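Visitor: with the input below, show me the fold.
(one chain, ligands or ions: 3)
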Amino acid sequence: MSSSDERVIPIANESAVRSLPVPQTGAVRRAGGHWLDMRGRPLRDLRISVTDHCNFRCRYCMPKEKFDKRHAFLAHTELLTFDEIYRISRLAVRNGIEKLRLTGGEPLLRKGLEQLVAQLRTLTTPDGRPIDIALTTNASILKKKADALKEAGLDRVTVSLDALDEAIFQGFNDVGFPAAKVLEGIEYAAGLGFKVKVNTVVKRGVNEGEVVKICERFRGTGIIPRFIEYMDVGTANGWRMTDVVPSAEIVRLIAERWDVEPVGANYPGETASRWRYADGAGEFGCISSVTQAFCGECSRARLSMDGRLYLCLFATEGYDIRTMLRGGATDFEIEEALGRIWAQRNDHYSELRSLGLAPERAKIEMSYIGG
Ligand code: SAM
Ligand code: SF4
Ligand code: SF4
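Guide: Ligands and ions are numbered 1, 2, ... in the order given. Below is the predicted model:
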């Protein structure tokens, strides 16, 4: 579609990511106010990565040997402006998106993020309901930003915290950032009335021992921990299947300590399977992308900070929306393009991985596409 289709962005030094041209022809499929993909899956959820920078170097995401000073981070002019993000979001919400999640990189490093939240807060679904706006953060500066985010209208915060033990946590983030500070951010946000979840990536031989401690810490607080199977996102982290702790094992560990029972999903396409403590002390979740693929229900698209739309966490190529935005396309042209892109989606990487058929390719890094 334009010269930018040929542009290659280096990711994690050794792989590269290419743009796909936005399809100019093809049908848009709709049902119940949503765009549908080739497998009949509605688009309900947009994850927006607002920066590729991060102040952590989690070994499973941005290992420091790969994300060092030779790594080509994007220039500020490459980033979508808040007005551009708002415009895409407005058109998406008009077409059935109900949830927006701001992520990254570390989204709180994007200056003035609360201004974007305030802009997004003005959006409502076609039948007049407020949309759900969430943030995923490492919480390193959450305490400082939480009041402004609350004021701007953010609904929910998910904080990543892989261990309570300082040595283990600091080994994960690899910059010596204390777990105690992350906990301060969590408590502060919860105190302001945010709904808070905690994401814990579990890696074999590293932090299985933290699972029960994390449950213990958050039982009875209303804060929900979610244990995530370590995934083969990107190519930088050196993922091996033997590093994955299956969710079934996590549930077993927790059930050895407390009586737990499964709970149904909150909404169609929820990624986490939910469990509650029989004594009423709350719940926890497991995100089992590796051992129990949930592609059949996957209703998420991801927008990178430089305006590419990705249809799967394990994609290599994203559709270049920024060129349309900056090239004078009308709202109608952009909406039709988004609908056509979604109509062509057939992604189901995790299902293929479960069958041993995952394609070998230079997948996009998590810090670029957003978690
Ligand atoms: N920096 C923010 C944070 O850490 O919360 C937002 C971006 S981060 C990429 C989003 C989520 O992806 C985090 O909860 C992180 O733990 C998770 N994540 C990153 N790499 C992962 C991997 N290889 N497997 C599973 N989860 C991963
Ligand atoms: Fe940064 Fe989040 Fe990736 Fe950790 S998981 S390196 S905090 S983007
Ligand atoms: Fe969705 Fe892709 Fe994950 Fe499957 S592998 S659940 S299609 S993001």
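Visitor: now the helices for the stretch 251-371 of the chain?
Guide: 322-326, 331-343, 349-354, 366-369 (DSSP state H, counting those that start in this stretch).
Visitor: so which of those comes closest to ligand 2?
Guide: Closest to ligand 2 of the helices of the stretch 251-371 of the chain, according to Cβ to the nearest ligand atom: helix 366-369, at 4.5 Å. (C-beta placed from N, C-alpha, C; glycine too.)
Visitor: show me what that closest one is in contact with.
Guide: Residues external to helix 366-369 that are found in contact with it (Cβ atoms under 8 Å, 6 or more residues apart in numbering): 11, 17, 49, 52, 54, 61-62, 67, 104-105, 233-234, 302, 304-305, 310, 313, 315, 318.
Visitor: 7 Å instead, please
Guide: Contacts of helix 366-369 with the rest of the structure, by Cβ atoms under 7 Å, 6 or more residues apart in numbering, involve 11, 49, 52, 54, 61-62, 104-105, 233-234, 302, 304, 310, 313.
Visitor: so which of the residues you listed would count as near ligand 2 as well?
Guide: C54, C61, M62, G104, G105 (Cβ under 6 Å from any ligand atom).
Visitor: within reach of ligand 1, which of those residues are there?
Guide: Okay, of those touching ligand 1 (Cβ under 6 Å from any ligand atom), that's C54, C61, G104.
Visitor: which one of those residues is nearest R274?
Guide: Proximity of these to R274 (Cβ to Cβ) peaks at C61, which lies at 24.8 Å.
Visitor: can you list the residues of this structure near ligand 3?
Guide: When proximity is defined as Cβ under 6 Å from any ligand atom, the chain approaches ligand 3 at S289, F294, C295, C298, C312, L313, F314, D347, H348, Y349, S350.
Visitor: mind putting those residues in CSV, pLDDT included?
Guide: Listed next are the residues of the chain next to ligand 3 as CSV, based on pLDDT from 0 to 100:
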residue, pLDDT
S289, 91
F294, 90
C295, 95
C298, 95
C312, 95
L313, 93
F314, 91
D347, 94
H348, 93
Y349, 91
S350, 92
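Visitor: picking that back up, for the contacts of helix 366-369, which one is nearest G328?
Guide: Closest to G328, out of all of the contacts of helix 366-369 and judged by Cβ to Cβ, is S304, at 21.4 Å.
Visitor: save the helices of the stretch 251-371 of the chain as JSON lines, and put in mean neighbour count too.
Guide: Listed next are those as JSON lines, based on neighbours: other Cβ atoms under 10 Å:
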{"stretch": "helix 322-326", "mean neighbour count": "19"}
{"stretch": "helix 331-343", "mean neighbour count": "19"}
{"stretch": "helix 349-354", "mean neighbour count": "19"}
{"stretch": "helix 366-369", "mean neighbour count": "27"}
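Visitor: now those in CSV, with distance to A75?
Guide: Converted to CSV, the helices of the stretch 251-371 of the chain look like this (distance: least, Cβ to Cβ, whole Å):
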stretch, distance to A75
helix 322-326, 13
helix 331-343, 24
helix 349-354, 30
helix 366-369, 14
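Visitor: residues contacting the residue in the stretch 1-150 of the chain that ligand 3 sits nearest to?
Guide: In the stretch 1-150 of the chain, the residue that lies nearest ligand 3 is R41 (8.3 Å; Cβ to the nearest ligand atom). By Cβ under 7 Å, 6+ apart, the contact set of R41 is C298, S299.
Visitor: redo that, cut-off 6 Å
Guide: By Cβ atoms under 6 Å, 6 or more residues apart in numbering, R41 lies in contact with S299.
Visitor: can you check the one 5 residues further on too?
Guide: Shown here is L46, whose contacts under the criterion Cβ under 6 Å, 6+ apart are A92, I97, L100, A301.
Visitor: and it, helix, strand or coil?
Guide: strand (DSSP: H, G, I helix; E, B strand; the rest coil).
Visitor: now it, which residues is it bridged with?
Guide: L100, A301 (DSSP bridges).
Visitor: surely Y310 and T316 touch.
Guide: No. Using Cβ atoms under 6 Å, Y310 makes no contact with T316, being 9.1 Å away.
Visitor: give me the more crowded residue out of those two.
Guide: Ranked by neighbour count (other Cβ atoms under 10 Å), Y310 and T316 place Y310 first, with 25 against 17.
Visitor: any idea how far the more buried one is from G96?
Guide: Noted for Y310: a distance of 18 Å to G96, by Cβ to Cβ, to the nearest Å.
Visitor: what of L43?
Guide: L43 is 6 Å from G96, by Cβ to Cβ.
Visitor: the two: which has the busier surroundings?
Guide: The neighbour comparison of L43 against G96 (other Cβ under 10 Å) goes to L43, with 25 against 21.
Visitor: my guess is that one meets G33, correct?
Guide: No. Contact between L43 and G33 fails when scored by Cβ under 6 Å: they sit 10.6 Å apart.
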